[in-house]
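A.B. asks: coords please:
(chains A and B)
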2 protein chains.
Amino acid sequence: MKRSKAPAESPGSLPKAGVSRRAMLTALGAGGLGVAAGALGQSAVSGAEAKPAPVNDVVEFYGEHQAGIATPAQDRMHMAAFDLTTQDRAEVIALLQDWTAAIEHMVRGADVGEFGATGGSYDAPPEDTGEALDLSASHLTVTIGFGRSFFATQHGPRFGLAGRMPESLIELPHFPGDALEESHSGGDLVVQACADDPQVAVHAVRNLARIGFGKARVRWSQIGFGRTSSTSTAQITPRNLFGFKDGTANLKAEEQAALEKHVWVSGLDGGQAWMNGGSYLVARRIRMHIETWDRSPLGDQENIFGRTKREGAPLSGGTEFTEPDFAMAGRSGPMMPVDSHVALAHPSANNGVQMLRRGFNYTDGSDGLGRLDAGLFFIAFVVDPRTHYVPMQNAMAKNDALSEYLKHTGSGLFAVPPGIKLGEYLGQGLFA
Amino acid sequence: MKRSKAPAESPGSLPKAGVSRRAMLTALGAGGLGVAAGALGQSAVSGAEAKPAPVNDVVEFYGEHQAGIATPAQDRMHMAAFDLTTQDRAEVIALLQDWTAAIEHMVRGADVGEFGATGGSYDAPPEDTGEALDLSASHLTVTIGFGRSFFATQHGPRFGLAGRMPESLIELPHFPGDALEESHSGGDLVVQACADDPQVAVHAVRNLARIGFGKARVRWSQIGFGRTSSTSTAQITPRNLFGFKDGTANLKAEEQAALEKHVWVSGLDGGQAWMNGGSYLVARRIRMHIETWDRSPLGDQENIFGRTKREGAPLSGGTEFTEPDFAMAGRSGPMMPVDSHVALAHPSANNGVQMLRRGFNYTDGSDGLGRLDAGLFFIAFVVDPRTHYVPMQNAMAKNDALSEYLKHTGSGLFAVPPGIKLGEYLGQGLFA
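C.D. replies: The predicted structure follows:
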């Protein structure tokens, strides 16, 4: 019942999606004949013109690592966690294959599917939901990961994956002050979509959710309106909702050796070779008590962070990227307060470990108590959460002067498989 | 206890905010002396460099009408409704004066207050929360309006405003299918902040909320991630989450005569001369059943809208901006279905009335049932909701084929006062 074919992929020099000439057949459905005939000319004419001229905003999908980790952080994010409703291994594999195909289309600005948003039959639902039709690729990246519950429930292993769960994919401990909500935590699968245009990121998550219908349901989803970390030396450091620059000392995509050490899994990860080239995604929804913060003096704020508010320089002097001098004495104690955020987060206080942070500011309406519900959706990629997240978060939750202004309301830890080559699907190594 | 002064306003050719040389005094607070001394040089040096080079993205604040209505629709929005907790008329006037001063700073990219985010005393909370420090004005507009409850409660008039409520500021009727939630509806005051950068919009709402502390509390707030309407002929028509172009036939800023007729209050509005030059803001939070929609055939989707999906052309033929021909016959009835969205929304079906729509796509996490909570935050500005909104919404809720896929979960109607001149405050006419 194919009626006409409007090219679903971006025009110009981008790689072509699977275009099928048989789709040019103009078989008309039995219903809505008049309308179909009337609109046919339109669709055929406008299809090729619908996308804007290609711009260089496509992030390479294939590679050793998944995109969206060391990729320079885009400005907007939509993340969703899914729970599988199928118990069938073959269906899970099919879902990952379908997701991979859809992601491969979307990241280069193409519609999902062979016929896309408008090129298919009038009598069938479109393969793509269409809200990104006029938008470019917008540096979209879609990164997926597996939660502990993907591998096993309390009733035992799932999907024939007994013995395949990496040791690093722990149950995160309860940290001091945690106030986690089930509705913002966990999940069998996670999808992180980042893009310069939020509609492109939302479109990606929504189409994967649609493909998953009957197999997976949305457990939680989160919009991040603005990035809070730089992950490239070419980016300026953005500010969090406390008004401070965030991520000055973050790992950068250009620091290959540090990424190998602190982000990418290599060698065997607890015997799980399928994770080589992958990473672990820590997600924490951190509500900020911005009203309380806003009533605290500037001097207190700077002491709590350990940096100046405007420049982001360490209180021991210098400019934003000057290394803090924790030994420098002030009139009453060190210039860098020992309980400052910078002092506690610094590698020197954490056995030299570093994280690749990739978080986003969020605001989710109001809290019913007359205040905005806003904060930081913290995202970090690490080689092993046992060494690279848990100790630091424990120390911070106990000692960080900033903790008084934070409440962790959501949490997730996901094993992010490596990147793939053409013809493979995301997570394929796990099922091999 | 002023310590140093970092200019709070944007550099370059923009108008200067009130800079005070007395702030150059470097009186040091008694506490945190070492830190203060250490950071002083930093702050003084970096202050003038902190903002990026000025770009031409400032929307004029003063004028006959408030900005943010006929202004070309920005891509991002944060809207918040507030309830007043004070019962004191003078405090309300002071709040409106303080808000006006803050808005006037923020829309030109300047910090709130005399000393801004970092220029004040170390011993006092900063006057600006700081998260927009490195961002330009980003075409920020902040538009305020008054709800019915601003004028009176069940106990009688408030703030000495007996007899000042316009007749047009009605209680909206219950429309068929309404499923309104208190937590997304109503409010004494509304603040609409729109900008190219969402952090700039959130910063604006957050700082007004902060200024209102003790006098006003946030009742609800809503992030819109992408505009769904063009309000200028220079803009391309964006798409809603059904994947269709939205707002093709919207009123445009360039259509002065139509704006005078359909948007701006003129003459006396039920005897309320203070509303001349103002308008009425209708806000409706419309949840879309996107999962159901995504399973409906392309032909049904186009018949429901009355337009082709890719081009947005009416089903009677032509291109996006071709006028629909409601008389054109198809094989079984008119080419434009009588229950299509376009047929029911067209001025010819609504006594010739038009609205200036200025809505935004939203997604607010998931709904607890495995689905995304997403839809359209509908915003329209009209000269009188009794003639320009209620009849159309009644007709649509009853007859529109699209209604099956929509659920109105939030609602607000606000009287938006006119613009002001230098030295006046927003809403001043109401208190004159």
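A.B. asks: switch to C-alpha atoms for all contacts and neighbour counts from now on
C.D. replies: Fine.
A.B. asks: how much space between the spatially closest residue to residue A:405 that is not a sequence neighbour and residue A:312?
C.D. replies: In space, and not counting its chain neighbours, residue A:405 is closest to residue A:289: 5.1 Å by Cα to Cα, 6 or more residues apart in numbering or on different chains. Between residue A:289 and residue A:312 the computed distance is 21 Å (Cα to Cα, to the nearest Å).
A.B. asks: more crowded one of the two?
C.D. replies: The neighbour comparison of residue A:289 against residue A:312 (other Cα atoms under 10 Å in any protein chain shown) goes to residue A:312, with 25 against 19.
A.B. asks: Find the centremost residue of chain A, please.
C.D. replies: Geometric centre of chain A, nearest residue: residue A:192, 2.9 Å, by Cα atoms, centre = their mean.
A.B. asks: burial count for the residue nearest to that one when sequence neighbours are not counted?
C.D. replies: In space, and not counting its chain neighbours, residue A:192 is closest to residue A:79: 4.5 Å by Cα to Cα, 6+ apart. As a burial measure, residue A:79 scores 24 neighbours (other Cα under 10 Å).
A.B. asks: and residue A:79, what are its bridge partners?
C.D. replies: Beta-bridge partners for residue A:79, by DSSP bridges, are residue A:192, residue A:222.
A.B. asks: Pull the contacting residues for it.
C.D. replies: A:190-193, A:205, A:221-223 (Cα atoms under 8 Å, 6 or more residues apart in numbering or on different chains).
A.B. asks: For residue A:187, give its distance to chain B.
C.D. replies: Applying Cα to the nearest Cα, to the nearest Å, the value for residue A:187 to chain B is 12 Å.
A.B. asks: now that residue: how far from residue B:243?
C.D. replies: Separation of residue A:187 from residue B:243 (Cα to Cα): 28 Å.
A.B. asks: and if you look at residue A:318?
C.D. replies: Plainly put, residue A:318 is 51 Å away from residue B:243 if you go by Cα to Cα.
A.B. asks: ok, residues contacting the host helix or strand of residue A:412?
C.D. replies: Using DSSP states H and E, residue A:412 maps to strand A:406-416. The contact list for strand A:406-416, computed with Cα under 8 Å, 6+ apart, reads A:143-148, A:169-172, A:177-187, A:189-190, A:275, A:278-289.
A.B. asks: Which among those residues count as buried?
C.D. replies: With burial judged by 16 or more other Cα atoms under 10 Å in any protein chain shown, the buried subset of the contacts of strand A:406-416 is A:143-148, A:169-170, A:178, A:180, A:183-187, A:189-190, A:275, A:278-289.
A.B. asks: can I see the domain layout of chain A?
C.D. replies: Here the domain parsing of chain A from automatic domain parsing is A:1-142+A:186-224, A:148-185+A:243-417.
A.B. asks: hey, least reliable of these by pLDDT?
C.D. replies: Lowest mean pLDDT of those: domain A:1-142+A:186-224, a mean of 78.
A.B. asks: who touches residue A:95 in this structure?
C.D. replies: Going by Cα under 8 Å, 6+ apart, residue A:95 touches A:211-212, A:215.
A.B. asks: Double-check that residue A:375 belongs to a strand.
C.D. replies: Yes. Using DSSP: H, G, I helix; E, B strand; the rest coil, the assignment for residue A:375 is a strand.
A.B. asks: Distance of it relative to residue B:267?
C.D. replies: 46 Å.
A.B. asks: Pick out whichever of these two has more residues nearby.
C.D. replies: Neighbour count, other Cα under 10 Å: between residue A:375 and residue B:267, residue A:375 has more, with 24 against 12.
A.B. asks: quick check: longest helix of chain A.
C.D. replies: helix A:89-106 (DSSP state H).
A.B. asks: Only the buried residues of that helix, if you could.
C.D. replies: By neighbour count with 16+ other Cα under 10 Å, helix A:89-106 contains the buried residues A:92-93, A:95-106.
A.B. asks: go on, stretch A:341-357?
C.D. replies: A:341-346, A:350, A:353-357.
A.B. asks: Would you tell me what helix or strand residue A:386 is located in?
C.D. replies: Counting by DSSP H and E, residue A:386 is part of helix A:385-388.
A.B. asks: which residues are contacting that helix?
C.D. replies: A:168-170, A:262, A:280, A:282, A:353-355, A:382.
A.B. asks: mind listing the strands for the stretch 151-300 of chain A?
C.D. replies: Along the stretch 151-300 of chain A, counting by DSSP state E, counting those that start in this stretch, strands occupy A:152-153, A:156-157, A:189-195, A:216-224, A:226-227, A:279-288.
A.B. asks: any chance of these in JSON lines, with distance to residue A:60 too?
C.D. replies: Listed next are those as JSON lines, based on distance: least, Cα to Cα, whole Å:
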{"stretch": "strand A:152-153", "distance to residue A:60": "33"}
{"stretch": "strand A:156-157", "distance to residue A:60": "34"}
{"stretch": "strand A:189-195", "distance to residue A:60": "13"}
{"stretch": "strand A:216-224", "distance to residue A:60": "23"}
{"stretch": "strand A:226-227", "distance to residue A:60": "21"}
{"stretch": "strand A:279-288", "distance to residue A:60": "18"}
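A.B. asks: of all those, which lies closest to residue B:331?
C.D. replies: Residue B:331 sits nearest to strand A:216-224 of all those, at 41.3 Å, using Cα to Cα.
A.B. asks: Endpoint to endpoint, stretch A:419-428 covers what distance?
C.D. replies: 10 Å.
A.B. asks: any idea of the mean pLDDT in it?
C.D. replies: 98.
A.B. asks: what comes up buried for it?
C.D. replies: A:419-420, A:425-428.
A.B. asks: check contacts around the closest residue to residue A:324 other than its chain neighbours.
C.D. replies: Spatial nearest neighbour of residue A:324, chain neighbours left out: residue A:314 (5.3 Å); criterion: Cα to Cα, 6+ apart. Counting by Cα under 8 Å, 6+ apart, residue A:314 makes contact with A:306-308, A:320, A:322-325, A:336.
A.B. asks: Among those, which lie within helices?
C.D. replies: Among these, no member falls in helices (DSSP H).
A.B. asks: Filter these down to the buried ones.
C.D. replies: Buried, going by 16+ other Cα under 10 Å: A:306-308, A:320, A:324-325, A:336, out of these.
A.B. asks: what about the strands in the stretch 1-150 of chain A?
C.D. replies: For the stretch 1-150 of chain A, the strands defined by DSSP E, counting those that start in this stretch cover A:76-84, A:141-146.
A.B. asks: And those: which comes nearest residue B:119?
C.D. replies: The minimum distance between residue B:119 and the strands of the stretch 1-150 of chain A falls on strand A:76-84, with 30.3 Å, by Cα to Cα.
A.B. asks: buried residues in that closest one?
C.D. replies: A:76-84.
A.B. asks: still on that earlier bit, quick one: which of the strands of the stretch 151-300 of chain A is nearest residue A:69?
C.D. replies: Residue A:69 sits nearest to strand A:279-288 of all these, at 8.8 Å, using Cα to Cα.
A.B. asks: Can you list the strands that that closest one pairs with?
C.D. replies: Partners of strand A:279-288 in its sheet, by DSSP bridges: strand A:372-382 (antiparallel), strand A:406-416 (antiparallel).
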